[in-house]
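Participant: No sequence on hand, only this structure:
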């Protein structure tokens, strides 16, 4: 069976980065646990054997018991590995997993919310800078003695030019 390449759109790992080195063993053990749980489920569904003795008169062991033991071994290995893991997981991620939601959706929503708030704050900063610029122009025009103390004194107002700045950064001549 061919292994999908990193660029293959059908690959489950095509857009995900590999786990950090300290979590590699935990990642592998979790994949093993998922595989064991899947095998246990399929074994339970397809176990149609009756508890009747075989040809030698001995009742054969059910395969479900072996599958359960595999799951328990994986859980024990994960618990042993957990002692060495120092990575903190946000409680909200664990709560989302418990309630059946995908934690990647939470991450995406938070990133989108941060981007929206960032745009909003950038708009506020631009408005304040525009107001400051207009205030400096007005102060320099009406109080020429303050012009040297203002940041970036507007040269047009000091030179007596008859232009008034607009909020979009363009100038308009007064007539």
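Facilitator: All right, it came through fine. Since the structure is predicted, the reported quantities are computational estimates derived from the model, not experimental observations.

Participant: do you know how far residue 81 is from residue 75?
Facilitator: Residue 81 sits 11 Å away from residue 75, taking C-beta to C-beta, to the nearest Å as the criterion. Yep, even glycine has a C-beta here, placed from its N, CA and C like the rest.

Participant: Comparing the two, which residue is more hemmed in?
Facilitator: Between residue 81 and residue 75, counting by other C-beta atoms under 10 Å, residue 81 is the more crowded of the two (17 against 13).

Participant: And that one, how far from residue 25?
Facilitator: Residue 81 is 6 Å from residue 25, by C-beta to C-beta.

Participant: wait, isn't residue 103 in contact with residue 95?
Facilitator: No - at 9.4 Å, residue 103 does not count as touching residue 95 under the criterion of C-beta atoms under 8 Å.

Participant: Tell me which of the two has more neighbours.
Facilitator: Of the pair residue 103 and residue 95, residue 103 is the one with more neighbours under other C-beta under 10 Å, namely 15 against 12.

Participant: contacting residues around the more buried one?
Facilitator: Taking C-beta atoms under 8 Å, 6 or more residues apart in numbering as the criterion, residue 103 is in contact with 93, 96-97.

Participant: so which of those residues is the most crowded?
Facilitator: Going by other C-beta under 10 Å, residue 96 tops the contacts of residue 103 with 17 neighbours.

Participant: Tell me the pLDDT of that residue.
Facilitator: Per-residue confidence (pLDDT) for residue 96: 84.

Participant: how about it, what does it touch?
Facilitator: Residue 96 makes contact with 102-103, 105-106, according to C-beta under 8 Å, 6+ apart.

Participant: Remind me which helix or strand residue 77 belongs to.
Facilitator: Element membership of residue 77 [criterion: DSSP states H and E] is helix 63-82.
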